[in-house]
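In: This is the structure alone, sequence omitted:
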């Protein structure tokens, strides 16, 4: 049943539901604007550690200020159920566009990657890794500008006692190999990998790795060679295939060090083939930054070490996406 109000916000309609949240479109009477409210699952309400962590992480996420990041306006609890209030994005998601029309034109894909790369490097510079970058979290405004949403949602849910042990949190289709294995140190290059998966899907209309179960998809990310996008879309050039292959390298050290460097490489190879396409301004001006943190598979928070944790046997008993 859809609630009439969450806090001061009047609920208009439910616009999304997943394993980690339900999203409503609502009206903010104070500022006379529509907003999106993301309500986290009820299993979190009985975990005092999570509720405390939620407030801390929500404040951090709300401090992100970038032209390509969906802003967080407010956060709170309805009863004991936590929620985030964000800008409402009426243009739908990249997932919607790919589902409706298939592959995205090359010039549009470059603009999307450029804006997202700038947003990712900014967030990485603030010590925040997205960890669930996917077309469903890439939203558009009324002018068609892409924004990155849901920073920190996976990290928020990861530390609660409801999701501990061997569960891998996130969306398997877009996970880096190191995130898929769990218990590994990740940094901004994990998001670079996910951005590479999104780029592959934008240019081909399908994800690079598909399988019958989430665990099988995770294993493909870890073990299978990077597929050649030219096999799916032969109209692309080998240079674009090389950019994607480097973005999807199994070893994080072999990938682009930052999302901006990936966007630069893509813009360069596209511009060499199509001179009318200029480097997007966000790619020209984005700083080169990175950060590290540990993928949590237990209920405790760990400061990021400077080297990978020892490899361990891969157990993916549960995947939450």
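Out: Nice, I can see it. All values reported here derive from a predicted model rather than from experimental measurement.
In: Going by C-alpha atoms from here, please, whenever you check contacts or count neighbours.
Out: Fine.
In: so residue 237 touches residue 228, yeah?
Out: No: using CA atoms under 8 Å, residue 237 is not in contact with residue 228; the gap is 10.8 Å.
In: avg pLDDT for stretch 203-219?
Out: Mean pLDDT, stretch 203-219: 96.
In: ok, and for that stretch, which residues are buried?
Out: By neighbour count on 16 or more other CA atoms under 10 Å, the buried set for stretch 203-219 is 203-209, 214-215, 217-219.
In: May I ask which two of these are separated the most?
Out: 203 and 215 (25.0 Å; CA to CA).
In: can you map out the strands along the stretch 101-250 of the chain?
Out: For the stretch 101-250 of the chain, the strands defined by DSSP state E, counting those that start in this stretch occupy 138-140, 146-148, 168-169, 185-187.
In: Any idea which of the ones you listed gets closest to residue 111?
Out: That would be strand 146-148 among the strands of the stretch 101-250 of the chain, by CA to CA, at 8.7 Å.
In: helices or strands up against the closest one?
Out: Contact here means 3 or more CA pairs under 8 Å, 6 or more residues apart in numbering; DSSP states H and E; on that basis strand 146-148 packs against helix 106-125, strand 138-140.
In: For that strand, report the contacting residues that lie outside it.
Out: Contacts with strand 146-148, where a contact means CA atoms under 8 Å, 6 or more residues apart in numbering, come from 67-70, 112, 115-116, 119, 137-141.
In: And the residue nearest the centre of the chain?
Out: For the chain, the residue sitting closest to the mean C-alpha position, by CA atoms, centre = their mean, is residue 133 at 1.7 Å.
In: after the helix or strand containing residue 27 comes which helix or strand?
Out: Assessed by DSSP states H and E, residue 27 sits inside strand 22-28. Using DSSP H and E, the next helix or strand after strand 22-28 towards the C-terminus is strand 33-39.
In: Can you list the strands that that following strand pairs with?
Out: Take DSSP bridges as the rule and strand 33-39 pairs in its sheet with strand 22-28 (antiparallel), strand 81-87 (antiparallel).
In: circling back: quick one: contacts for the closest residue in space to the residue nearest to the centre of the chain that isn't next to it in sequence?
Out: Excluding its sequence neighbours, the residue lying closest to residue 133 (CA to CA, 6 or more residues apart in numbering) is residue 194, at 5.9 Å. Going by CA under 8 Å, 6+ apart, residue 194 touches 132-134, 174-176, 248.
In: which one of these is nearest residue 7?
Out: Using CA to CA, residue 132 is the member of the contacts of residue 194 that sits closest to residue 7, with 27.2 Å.
In: can you give me phi and psi for the closest one?
Out: Phi and psi for residue 132, reported as degrees, to the nearest 10, are phi -150, psi 40.
In: residue ranges with poor pLDDT in the protein?
Out: Scanning the chain for pLDDT under 70 picks out 19, 44-45, 152, 154-169, 273-321.
In: change it to 80
Out: Along the chain, the model assigns pLDDT under 80 to residues 1, 18-20, 41-52, 79-80, 152-170, 183-184, 272-321.
In: care to break it down by domain?
Out: When the chain is parsed with automatic domain parsing, its domains come out as 5-87, 94-315.
In: Tell me which of these sits most buried.
Out: Neighbour counts (mean count of other CA atoms under 10 Å) averaged over each of the domains of the chain peak at domain 94-315, with a mean of 20.
In: tell me how far that domain is from the chain's mean position?
Out: Centre-to-centre, domain 94-315 and its host chain are 7 Å apart (CA atoms, centre = their mean, to the nearest Å).
In: want to throw the strands of the stretch 101-250 of the chain into CSV with distance to residue 14?
Out: Listed next are these as CSV, based on distance: least, CA to CA, whole Å:
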stretch, distance to residue 14
strand 138-140, 16
strand 146-148, 20
strand 168-169, 24
strand 185-187, 34
